[in-house]
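*Asks:* below are the sequence and a predicted model for it; my questions follow.
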Amino acid sequence: MSDKAILTCAITGVLTDPAQHHVPVTPEQLAHEARRAVDAGAAVVHVHFRQQSAGRGHLPSWDPQLALDCTQAMREACPGLIVNQSTGVVGPHTQGPIDCLRATRPEMAACNAGSLNYLKVRSNGAWAWPPMLFDNPPAKVQDFLDAMAETGTLPEFECFDVGIVRCVEMYVQTGMYRGLPAYNFVMGVASGMPADPDLLPILLKLKIQDAPWQATVIGRAEIWPVHRRVAELGGHLRSGLEDTFYLPDGTQVQSNAPLIAQLARCAREAGRAVATPQEARQMLGLAPQHTGQAGA
């Protein structure tokens, strides 16, 4: 077990409406929130870029210049910060995320490792949104892995279900990816893995031995026992306004910082220290400072 836990702040999310929640959208807002998260213990910021025009801040953007502006603002506010960029898109068209990877050359990026029926049902039995497929076939995964190899970016393999965890080893076996993969167990999506601490030992049996891992846990009160168990089992920790708005006592937060502070508390209660950005770089095999190069 690693004696230090790397904390990741999921700073914004995909579609959260800034008119309803305090999610950062502009480069200046992202820089301010990143600084607060780092001060609370985060070493990594996972970022989705949003459209900047009035009334459209809840919508994603794949504008490479905007991506660069946002990334530079966070790096200037937080020297040494590890940027983890989202790449998730529905459908076969990957050029937007790849253009952003090339523009920003992030130290890390999400690599969604398999497909999922993305579903949710309301209490009245109606679909919460039209049923959709979050499609990530091997050819699409390969496109992202090739782009990340080009930009010196460490892939973080996002696993929404148990079978997807098993796929990651196949990507290594077939040479699609070389090196120890970094796993992210995504728990709490209604049609994916539940936010259940009892599932963690099974996932650890299925991942490649000694490969680093963390859990993204989505929900409310049910997420915090999972975070505590992740810390006890040696995993790294992630939270932020993308994943939840609530502390264990039900308090609704107005910033990412209290969520990261709570993760730090989980780590320390498990007897682990919180890694600084510099320590996290070393643990993940990244360059000491951002140079566009990353180890895998």
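*Replies:* Done, it's in. Numbers count the residues shown, from 1 in each chain.
*Asks:* so which strand or helix has Ser191?
*Replies:* Under the criterion DSSP states H and E, no helix or strand holds Ser191.
*Asks:* and it, what is it in contact with?
*Replies:* Applying CB atoms under 8 Å, 6 or more residues apart in numbering, we find Ser191 in contact with Leu116, Asn117, Tyr118, Leu119, Lys120. In short, each C-beta sits where N, CA and C put it, glycine included.
*Asks:* again, only using 6 Å
*Replies:* Asn117, Leu119 (CB atoms under 6 Å, 6 or more residues apart in numbering).
*Asks:* state the pLDDT value of it.
*Replies:* According to the prediction, Ser191 has pLDDT 97.
*Asks:* strands of the stretch 51-200 of the chain, start to end?
*Replies:* 82-85, 108-112, 116-118, 132-134, 154-159, 182-187 (DSSP state E, counting those that start in this stretch).
*Asks:* okay, the ones you listed in CSV with mean neighbour count and mean pLDDT next?
*Replies:* As requested, the strands of the stretch 51-200 of the chain are exported to CSV (neighbours: other CB atoms under 10 Å; pLDDT from 0 to 100):
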stretch, mean neighbour count, mean pLDDT
strand 82-85, 25, 98
strand 108-112, 25, 98
strand 116-118, 17, 97
strand 132-134, 14, 97
strand 154-159, 26, 98
strand 182-187, 26, 98
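*Asks:* could you dump those strands into JSON lines with distance to Glu28 added?
*Replies:* Output for the strands of the stretch 51-200 of the chain, formatted as JSON lines (distance: least, CB to CB, whole Å):
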{"stretch": "strand 82-85", "distance to Glu28": "16"}
{"stretch": "strand 108-112", "distance to Glu28": "23"}
{"stretch": "strand 116-118", "distance to Glu28": "32"}
{"stretch": "strand 132-134", "distance to Glu28": "31"}
{"stretch": "strand 154-159", "distance to Glu28": "26"}
{"stretch": "strand 182-187", "distance to Glu28": "28"}
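*Asks:* nearest to Lys4, out of these?
*Replies:* Proximity to Lys4 (CB to CB) singles out strand 82-85 among the strands of the stretch 51-200 of the chain, at 14.0 Å.
*Asks:* neighbouring strands for the closest one, and are they parallel or not?
*Replies:* Strand 82-85 sits in its sheet next to strand 44-47 (parallel), strand 108-112 (parallel), going by DSSP bridges.
*Asks:* contacts for it, please.
*Replies:* Taking CB under 6 Å, 6+ apart as the rule, strand 82-85 contacts Ala43, Val44, His46, Val47, Thr71, Pro106, Glu107, Met108, Ala109, Pro277, Ala280.
*Asks:* next one: stretch 255-268
*Replies:* With CB under 6 Å, 6+ apart as the contact definition, stretch 255-268 has outside contacts at 5, 7, 9, 11, 33, 36-37, 40-42, 227-228, 231, 237, 239-241, 247, 253, 274.
*Asks:* same question for stretch 235-247.
*Replies:* In contact with stretch 235-247 (CB under 6 Å, 6+ apart) are residues 5-11, 13, 23, 213-216, 218, 220, 223, 227, 230, 252-253, 256, 259, 262-263.
*Asks:* likewise stretch 179-189?
*Replies:* Stretch 179-189 is contacted from outside by 156-160, 168, 193, 195, 203, 207, 211-219, 296, using CB under 6 Å, 6+ apart.
*Asks:* straight-line length of it, end to end?
*Replies:* Stretch 179-189 has an end-to-end distance of 28 Å (CA to CA, to the nearest Å).
*Asks:* what does stretch 84-94 give?
*Replies:* Termini of stretch 84-94 sit 17 Å apart (CA to CA).
*Asks:* ok, which stretches of this protein are helices?
*Replies:* For the chain, applying DSSP state H gives helices covering 27-40, 64-77, 95-104, 138-151, 162-173, 200-206, 223-233, 257-269, 277-284.
*Asks:* so which of these is nearest Gly57?
*Replies:* Nearest to Gly57 among the helices of the chain is helix 27-40 (9.5 Å), distances taken as CB to CB.
*Asks:* for Tyr177, what are its contacts?
*Replies:* Leu145, Tyr171.
*Asks:* how close does it sit to Ala139?
*Replies:* 14 Å (CB to CB, to the nearest Å).
*Asks:* over to Thr244?
*Replies:* Going from Thr244 to Ala139 by CB to CB gives 33 Å.
*Asks:* just Glu158 next, same as before
*Replies:* 17 Å.
*Asks:* so Ala31 makes contact with Arg75?
*Replies:* No - counting by CB atoms under 6 Å, Ala31 stays clear of Arg75, with 8.7 Å between them.
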